[in-house]
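J.: Sequence first, then the predicted structure:
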Amino acid sequence: MRNLRRRDFLKAGVAGTSFGLLQGYGTGGLATPTPASAAATGIKRGGTLTFATTAAIQEFNPLMLNPGEYPYFRALYNTLARYDAQLKPQPELAEAWEISADGKTLTLKLRQGVKFHSGREFTSADVKHSVEFGQTNERVTMRALYRAIKQVETPDKYTAVLKFDSVNSGIYDILDTLFIIDKETIADRSKTAIGTGPFRLDRYFPNDRAEFVAFKDYWEVGKPYLDRYVYRVIPDLSSLVINLESGAIDCAWQISYMDAARLREMGGKYVVDSGAAGFGFFDVAINVTAEPFQNKKVRQAVAWSIDRERFAKTVMRGLGQATCLMWPTYSWAYFKDLEGKIGYDLDKARALLKEAGLEKGFQTEILTASKRMVGYGEMAQILQADLRKIGIDAKVLDVEAALYDNRTIVKGDIVMMIHTYGRAGRDPGSMVTGARAWTNGWKKEGNWTHFESDEWERWRKELTSTMDMDRRKAAARKLQEIALDECFTLPIAPALRVFAFASYVKGFGVTMDNSPYVGDMWLDK
Amino acid sequence: MEDKAVKRQSVQSPWRRAVWRLLHTPAGAIGVGVLLLSSGVAFVAPFISPYDPVIQYAGDELLSPRMKYLLGTDEFGRDILSRIIYGARISLSVGLISVAIGFVFGATSGLISGYLGGWVDAVINRLWDCLLAFPVILLGIAVVLVTGPGAVNAAIAVGISNIPIFARLARAVALTEKERDYTHAARALGGCETRIVFRHLLPNALSPLVVQSAVAMAFAVLLEASLSFLGLGAQPPEPSWGSMLSYSRQFLRVAWWYGVFPGAALTFMLIGLNYFSDAVRDAFDPRQINISR
């Protein structure tokens, strides 16, 4: 699979470099946009690129980071900075930045002359508004990460000052994920979208497609290369690939692992890219307040009854490596000696159930949404079969994505669910802070595992608020041990989201969240 | 010989004559044969099924047909033959339950509304008109969305969609039969309305209702498969032909057997049930009986 090794290598890089970046606290790059010399690089301009995925756009809210909707984020919006291929932050809407000596103040120098699609100028007030929206909107995934920002000052139109209570290990993750939204139209996000990105929204047909046209006043001179960009929704996995093979679409995201293997074997007609490693992790999330999962031993019994290897081998076709740990193997927060602390052992699982007084088993449910993501349906059925072996009769509730979101994000009403947590490739502190399913004190706002622990919170703060690598490693290890013991989240394997596109599509690249840089893409035909 | 057969028919009751005709036409024989075979397979499923249909055999995923697995395995290593055998149970159960729901509620309401007339007739009819206004599959989806997915709820959904059809048929019979002399006689003799409806009208409405039941059965099997295909019928790991077809789509290029065999089973049963319903209709058709005489 193209790029997998390269990306793995790069992610290994970020694991090593993120601390270095933070330690440096230097001024950010002062790069200015250079006109893209299309002729010199052989880039062809024009044409329409059609990108399809299984997920419909629920609302134009890029901070929601709704799984499946990523292909339009980088068409419409920009962030303040973005990681480059070496995972070093590069200027985007912030031309330069400076972190104070105590690590508590981040001063951003904003790019001048940037316009929203409405024609309004981008200023520091938009940074302040985007931060506040990110902190308060209930559907924003990484609210907790943005809440580390205690204050945003706007001394002038082109300067924004972000103040923190303490050193924050996730500063660059904030800059890379905080999409700048338009304060004048964000309230109308179910119908329209305004950003500063390379494309502006032309037409939107809910549950079917969104069509974008090149934004003539885009700040990055010479981009985008395409005239039009179309985001199509094709909910059925097999139809998605058939559309690609028939030429109806140029790119597809979240194709099945089986189709990925098949297209790869077809040779040069299609390019298969496994996307950003560490983008997500398959896990089973358990509500620790639901009967009978209040008992830790019951959760541990479930953890010991999951055949992770089988899932990785048969469903993921060997593309992902099974693990019981939260962080990917290339992360410095991955502790190899803890691998295998939970495995597949039905006798142990039965013994734990017996200790919990439930040797006769019980009935429960597994919430999933097979149309939400590749692997969700299969994982639910494998888990159901595994639990059956230890006497747990689990009913699979395979619901539509909107209903799934309603029970998780809105109500926090789950018992056991198939899930993916994201940001596993980012700073370990950002991951545990941004993972809404686990964050302490969020019971009313979406912590659907309902896990609350002072000890967890103490080590999480330690992980995110120090630059001392030894202390950070110790904190990450403690968090990992707590997770292995409490079993509120049961990691299974990295969740690769595979892209496939026709070989004439060039300039393909994605963010750490698998959002394609559409402004860089072009068609060689 | 032919005279003997005609003579035998003429002295038998209409019901026995219909059964005789059903079994002595090619379509009827095929239909009855398929129905008996399917029912038999469903009934003895635990004894003839080579494997437990929900057990996943790790390492045996997507195996092509072979001696160990005669019809191959699915993506979880489950035996497709066993799932097809057990799937027949769900298809037939849903068919029978839904027809029973439609028959009982539809025939009762139809006979009552037709016999009583007036505002009762108007209210009941408008209710069924409302149901008939929706496409059956949409109605089924709506019912399942309210009651939740599952084979039983799918059967209820299909049954509800059957009610207006049975009701219309029964009402038409009641409107005709209530003006007949025997009905007037029953009323003159002091028979209560309940007795007249169920003792006198119902037996006369049975022929068209039985024909409709046969048609509805085939339709119910198809509708259950459609709901399961959409993920609203039998839930994992229960084997349903519709859900097997749905899941198999992803694997058609690499595991043809996964979709072909459940599809063939569904086709086989639907063809049989359609032959059966055609033959039942002909068997109860007075014109056909007259022709044969």
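T.: Looks like it arrived, so ask away. If you're wondering where the values come from, they're calculated on a predicted model, not measured in any experiment.
J.: Going by C-alpha atoms from here, please, whenever you check contacts or count neighbours.
T.: Noted.
J.: Please report the number of neighbouring residues for residue A:379.
T.: 25 (other C-alpha atoms under 10 Å in any protein chain shown).
J.: Please apply the same query to residue A:246.
T.: Residue A:246 has 9 nearby residues by other C-alpha under 10 Å.
J.: same thing with residue B:181?
T.: Counted with other C-alpha under 10 Å, the burial measure for residue B:181 works out to 10 neighbours.
J.: Show the pLDDT at it.
T.: Looking at residue B:181, its pLDDT stands at 87.
J.: surely residue B:88 meets residue B:41?
T.: Yes. With contacts counted by C-alpha atoms under 8 Å, residue B:88 reaches residue B:41, the gap being 7.4 Å.
J.: quick one: which of the two has more around it?
T.: residue B:88 (26 against 19).
J.: Now do the more buried one against residue B:270, distance only.
T.: Residue B:88 sits at a distance of 12 Å from residue B:270 (criterion: C-alpha to C-alpha, to the nearest Å).
J.: And the strands in the stretch 351-500 of chain A?
T.: In the stretch 351-500 of chain A, the strands defined using DSSP state E, counting those that start in this stretch lie at A:362-368, A:392-398, A:416-422, A:489-494, A:499-502.
J.: wait, which of these is closest to chain B?
T.: Within those, the stretch nearest chain B is strand A:392-398; the backing value is 6.4 Å (C-alpha to the nearest C-alpha).
J.: That closest one packs against which elements?
T.: Contact partners of strand A:392-398 among helices and strands, from 3 or more C-alpha pairs under 8 Å, 6 or more residues apart in numbering or on different chains; DSSP states H and E: strand A:362-368, helix A:376-389.
J.: Okay, helices next: where are they in the stretch 201-350 of chain A?
T.: A:237-246, A:257-265, A:296-304, A:308-310, A:346-355 (DSSP state H, counting those that start in this stretch).
J.: near chain B, which residues of chain A show up?
T.: A:237-238, A:310, A:314, A:381-382, A:385, A:395-398 (C-alpha under 8 Å from any C-alpha of the partner chain).
J.: Mind doing that once more with 10 Å?
T.: Residues of chain A lying close to chain B (C-alpha under 10 Å from any C-alpha of the partner chain) are A:236-239, A:241, A:256, A:258-259, A:262, A:307, A:310-311, A:313-315, A:370, A:377-378, A:380-382, A:384-386, A:388-389, A:395-400.
J.: how about the helices and strands packed on strand A:392-398 in CSV, adding mean pLDDT and distance to residue A:201?
T.: Output for the helices and strands packed on strand A:392-398, formatted as CSV (pLDDT from 0 to 100; distance: least, C-alpha to C-alpha, whole Å):
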stretch, mean pLDDT, distance to residue A:201
strand A:362-368, 94, 32
helix A:376-389, 93, 31
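J.: and of the ones you listed, who's closest to residue B:170?
T.: Proximity to residue B:170 (C-alpha to C-alpha) singles out strand A:362-368 among the helices and strands packed on strand A:392-398, at 43.0 Å.
J.: For the closest one, buried residues please.
T.: Going by neighbour count (16 or more other C-alpha atoms under 10 Å in any protein chain shown), the buried part of strand A:362-368 is A:364-368.
J.: Show residues contacting that strand.
T.: A:284-286, A:290-293, A:353, A:375-381, A:383-384, A:388, A:390-401, A:403-404, A:407-408, A:414-419 (C-alpha atoms under 10 Å, 6 or more residues apart in numbering or on different chains).
J.: Just the buried subset of these, please.
T.: A:284-286, A:290, A:292-293, A:353, A:375-381, A:383-384, A:388, A:390-399, A:401, A:404, A:407-408, A:414-419.
J.: tally of neighbours for residue 66?
T.: Looking at chain A here, since you left the chain open. If we define neighbours as other C-alpha under 10 Å, then residue A:66 has 18 of them.
J.: could you do chain B instead?
T.: Neighbours around residue B:66, by other C-alpha under 10 Å: 10.
J.: deepest of the helices of the stretch 201-350 of chain A, which one?
T.: Of all the helices of the stretch 201-350 of chain A, helix A:296-304 has the most neighbours on average by mean count of other C-alpha atoms under 10 Å in any protein chain shown, namely a mean of 24.
J.: same for it, what does it pack against?
T.: Helices and strands touching helix A:296-304, as assessed by 3 or more C-alpha pairs under 10 Å, 6 or more residues apart in numbering or on different chains; DSSP states H and E, comprise strand A:280-286, helix A:346-355, helix A:376-389, helix A:469-486, strand A:489-494.
J.: Would you reformat those as JSON lines and include distance to residue A:164?
T.: Formatted as JSON lines, those follow (distance: least, C-alpha to C-alpha, whole Å):
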{"stretch": "strand A:280-286", "distance to residue A:164": "27"}
{"stretch": "helix A:346-355", "distance to residue A:164": "44"}
{"stretch": "helix A:376-389", "distance to residue A:164": "38"}
{"stretch": "helix A:469-486", "distance to residue A:164": "19"}
{"stretch": "strand A:489-494", "distance to residue A:164": "29"}
